[in-house]
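Enquirer: I would like to see how this sequence folds:
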Amino acid sequence: MRGKILLGSAGAFMLLAGCSSGEPDAAAPPEAGDTTVHKIMVNQIDKNADALWDVSNAAIGNNGGLDPAKMDDARWDRIAELAEKVAAGSHAVAALDPITVAAPGVTIGDSGLPGGHTAQQVQGFIAANPELFRDMATTLGTHMDEIAAAAHARDAAKAGPLIDQLDSVCESCHINFWYPEQKDLIEQFQNEGVVDPDHPALGPAAPQTAGE
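Expert: Predicted coordinates:
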């Protein structure tokens, strides 16, 4: 149920999977102290989204999708709990004012790698279109609220597709603000039939900052 897409940039291939935006910091502060995009992603969004996929992946049926026969109250409650945590983190990102990607000196996931960007570069991408960034964070929060509601209702027919779509919801923001130049590659793959033409990452891109 967890989809992945390989995107190439500057001769390298990078894996954008789920909501991951880098490895957790060794000394992550409490969630209440998370005041940057990076900290909220690491401490509230990434780890809980990954845990949610672990639960749902264990309940995939023979024909794909979430098999209600493999779900019990404990799994449903766990999915609801994790979805609510991701939703809270997403809404917290949308509410950041100012929007700060990372604290000074903090290195984010792909900084220094071919095709990756520093926190300062991502800050510039977001600054070029902060309302789109807030809208995408809110969209993720709403999506997770819907997953939580479906889990509370024990509705596998609704929860399954929503969980399937989660990767794409995450990627749509990553492509616009972490790897904006890769949208051209997605469009190329789309023309070659590799990517669905309705892939959400093909929405409006954040303009690149000067010198990019």
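
Enquirer: From residue 155, how far off is residue 149?
Expert: Distance, residue 149 to residue 155, by Cβ to Cβ, to the nearest Å: 8 Å. For the C-beta atoms, the positions are set from N, CA and C on the backbone; glycine is no exception.

Enquirer: Then residue 168?
Expert: Going from residue 168 to residue 155 by Cβ to Cβ gives 20 Å.

Enquirer: Ok, residue 183 next?
Expert: Per Cβ to Cβ, residue 183 is found 34 Å from residue 155.

Enquirer: and the residue of the chain most remote from its centre, what does it touch?
Expert: Largest separation from the mean C-alpha position in the chain: residue 69, at 28.3 Å (Cα atoms, centre = their mean). Each residue near residue 69 by Cβ atoms under 8 Å, 6 or more residues apart in numbering is listed here: residue 61.

Enquirer: Same check on the one 10 residues further on?
Expert: Taking Cβ under 8 Å, 6+ apart, we find residue 79 in contact with 52, 55-56, 147-148, 151, 159, 163.

Enquirer: contacting residues for residue 100?
Expert: 35-37, 123.

Enquirer: Show the pLDDT at it.
Expert: At residue 100, the model reports a pLDDT of 97.

Enquirer: That one belongs to a strand?
Expert: No. Under DSSP: H, G, I helix; E, B strand; the rest coil, residue 100 falls outside any strand and is assigned coil.

Enquirer: Could you report the neighbour count for residue 139?
Expert: Using other Cβ atoms under 10 Å, residue 139 has 16 neighbouring residues.

Enquirer: Which secondary structure element is home to the residue lying closest to it once chain neighbours are set aside?
Expert: Leaving aside its chain neighbours, residue 139 sits nearest to residue 169 (6.5 Å; criterion: Cβ to Cβ, 6 or more residues apart in numbering). Under the criterion of DSSP states H and E, residue 169 resides in helix 166-177.

Enquirer: who wins for neighbours among the contacts of residue 100?
Expert: residue 37 (25 neighbours).

Enquirer: how about it, what does it touch?
Expert: Shown in contact with residue 37 (Cβ under 8 Å, 6+ apart): 93, 96, 99-102, 126.

Enquirer: swap in residue 137?
Expert: Contacts of residue 137 (Cβ under 8 Å, 6+ apart): 90-91, 93-94, 173.

Enquirer: And the pLDDT at residue 112?
Expert: Residue 112 carries a pLDDT value of 67.

Enquirer: same thing with the one 10 residues further on?
Expert: Model confidence at residue 122, given as pLDDT, is 94.

Enquirer: Please work out the average pLDDT along stretch 150-166.
Expert: Mean pLDDT, stretch 150-166: 97.

Enquirer: List the buried residues in it.
Expert: Under the neighbour-count criterion of 16 or more other Cβ atoms under 10 Å, stretch 150-166 has 150-151, 156, 158-160, 162-166 buried.

Enquirer: Please enumerate the strands of the protein.
Expert: Under the criterion DSSP state E, strands of the chain are mapped to 4-9, 12-17.

Enquirer: coming back round to it: just the buried residues of stretch 150-166 now: which is nearest residue 75?
Expert: Of all the buried residues of stretch 150-166, residue 75 sits closest to residue 151, with 8.7 Å by Cβ to Cβ.

Enquirer: how much space between the closest one and residue 158?
Expert: From residue 151 to residue 158 the distance is 9 Å (Cβ to Cβ).
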